[in-house]
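1. next comes the sequence, and after it the predicted model I'd like to discuss.
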Amino acid sequence: MEQRADIKSILEWYIEADVTESCGSEAGLLQTSVAASGELPQADGKSQIAARQAISNLAQTTVAACKNARELCEKALSLEQLKEIIENFEGCALKFNAKNTVFGAGSDKAKVMIIGEAPGADEDRIGKPFVGRSGQLLEKMLRAIGLSREEVYITNVLPWRPPGNRTPTDGEVAVCLPFLRKQIDLIKPQIILLLGGSAANALLDNTEPISKLRGRWLEYTSTDKSKIVALASFHPAFLLRNGAQKGKAWIDFLRVLKKLKEN
Ligand code: URA
């Protein structure tokens, strides 16, 4: 318990000292690292110091990568420039295992922006978001409300595939979040549709489960503090495994269509 408290205070100190504006998920980062520390064996003094050092190094690296990503994003004046910046970014280790950087795709004038979690195996191989089974289901759902994938803009919280499609860590999300926020700044959609818990939690700065968040109109706050309406819904991969939930997702897509017509 004492060990946990120590690690928590080290991390809090780093985050306070190194991050002057929101990095998206500092609190999450802290939680991840503290949770990780809970798995540390009750080791002797030397191992505890080494473990604490390793955790504080990780926190420092993540905070620095986060800051670097934000600074790089400030220079991007277009989606093309942003894509190049992300392709050259080396602050997220996922990149080194990925075959491709998967940037957003669709219309740069899209009224609706759709955000998933991270590329899967097909997206990693092809280099485009939502081109596998989840993507086919997403396309069908879009078609059902009269939209094509070319009319919307589709992207992910992470531009690189986590190995084995594991859930992204809070650190990975925090580092990549500036890239996603910048895509939103450049597209300026009227509506954001968040598919799954990772996207909803990352952009709404909220930790509620998707089952609680879905179906309600919420607000995303842009870098310039303007608000964009956002709706969270189930991720198509979840719907492929839980067909009974498709009805709720259908209602969410109809809500998007209704909102689009109102605007
Ligand atoms: N799942 C996602 O969240 N994004 C993709 O691009 C593909 C599958």
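-> Ah, there it is.

2. what residues are up against P236?
-> Neighbouring residues of P236 by CB atoms under 8 Å, 6 or more residues apart in numbering: 116, 130, 133-135, 137-138, 141, 195. C-betas here are computed from N, CA, C, even on glycine.

3. tell me the most packed of those residues, by neighbour count.
-> L195 (31 neighbours; other CB atoms under 10 Å).

4. what bridges to that residue?
-> Beta bridges link L195 to S233, judged by DSSP bridges.

5. state the distance from it to the ligand.
-> 6 Å (CB to the nearest ligand atom, to the nearest Å).

6. pLDDT score for that residue?
-> pLDDT for L195: 98.

7. D205 too?
-> Model confidence at D205, given as pLDDT, is 86.

8. and it, how many neighbours?
-> The number of residues packed around D205, counting by other CB under 10 Å, is 14.

9. dump the C-alpha coordinates for stretch 83-101 into PDB.
-> Taking C-alpha atoms only, stretch 83-101 is exported to PDB below (Å, rounded to 0.1, in the frame of the first residue of the first chain):
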ATOM      1  CA  LYS A  83      -0.500  12.500 -42.000                       C
ATOM      2  CA  GLU A  84       3.200  13.100 -42.800                       C
ATOM      3  CA  ILE A  85       3.800  14.200 -39.200                       C
ATOM      4  CA  ILE A  86       2.200  11.000 -37.800                       C
ATOM      5  CA  GLU A  87       4.100   8.800 -40.200                       C
ATOM      6  CA  ASN A  88       7.400  10.400 -39.000                       C
ATOM      7  CA  PHE A  89       6.500  10.300 -35.300                       C
ATOM      8  CA  GLU A  90       8.500   7.900 -33.200                       C
ATOM      9  CA  GLY A  91       7.000   8.500 -29.800                       C
ATOM     10  CA  CYS A  92       4.600   5.600 -29.700                       C
ATOM     11  CA  ALA A  93       6.100   2.100 -29.600                       C
ATOM     12  CA  LEU A  94       3.100   0.600 -31.400                       C
ATOM     13  CA  LYS A  95       4.500   2.000 -34.600                       C
ATOM     14  CA  PHE A  96       7.500  -0.300 -34.600                       C
ATOM     15  CA  ASN A  97       5.300  -3.400 -34.700                       C
ATOM     16  CA  ALA A  98       2.800  -2.100 -37.200                       C
ATOM     17  CA  LYS A  99       3.000  -2.600 -41.000                       C
ATOM     18  CA  ASN A 100       1.300   0.700 -41.800                       C
ATOM     19  CA  THR A 101       0.300   4.000 -40.200                       C
END
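
10. offset the numbering so it begins at 11, please.
-> Got it, the first residue is 11 from now on, which makes the last one we talked about stretch 93-111.

11. that one vs the ligand: in contact?
-> No. Shown here: stretch 93-111 not in contact with the ligand (CB under 6 Å from any ligand atom), separated by at least 11.3 Å.

12. that stretch: which residues count as buried?
-> Within stretch 93-111, the residues scored as buried using 16 or more other CB atoms under 10 Å are 93, 95-96, 99, 101-102, 104-105, 108, 110-111.

13. tell me where the model's unsure across this structure.
-> 11-53 (pLDDT under 70).

14. how about the strands in the stretch 61-210 of the chain?
-> Taking DSSP state E, counting those that start in this stretch, the strands of the stretch 61-210 of the chain run over residues 115-116, 122-126, 163-166, 201-205.

15. got these as a markdown table, with distance to T233 columns?
-> A markdown table is the format used below for those (distance: least, CB to CB, whole Å):
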| stretch | distance to T233 |
| --- | --- |
| strand 115-116 | 21 |
| strand 122-126 | 15 |
| strand 163-166 | 16 |
| strand 201-205 | 14 |
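
16. so V141 sits right up against A131, yeah?
-> No. V141 is beyond contact range of A131, at 10.4 Å (criterion: CB atoms under 8 Å).
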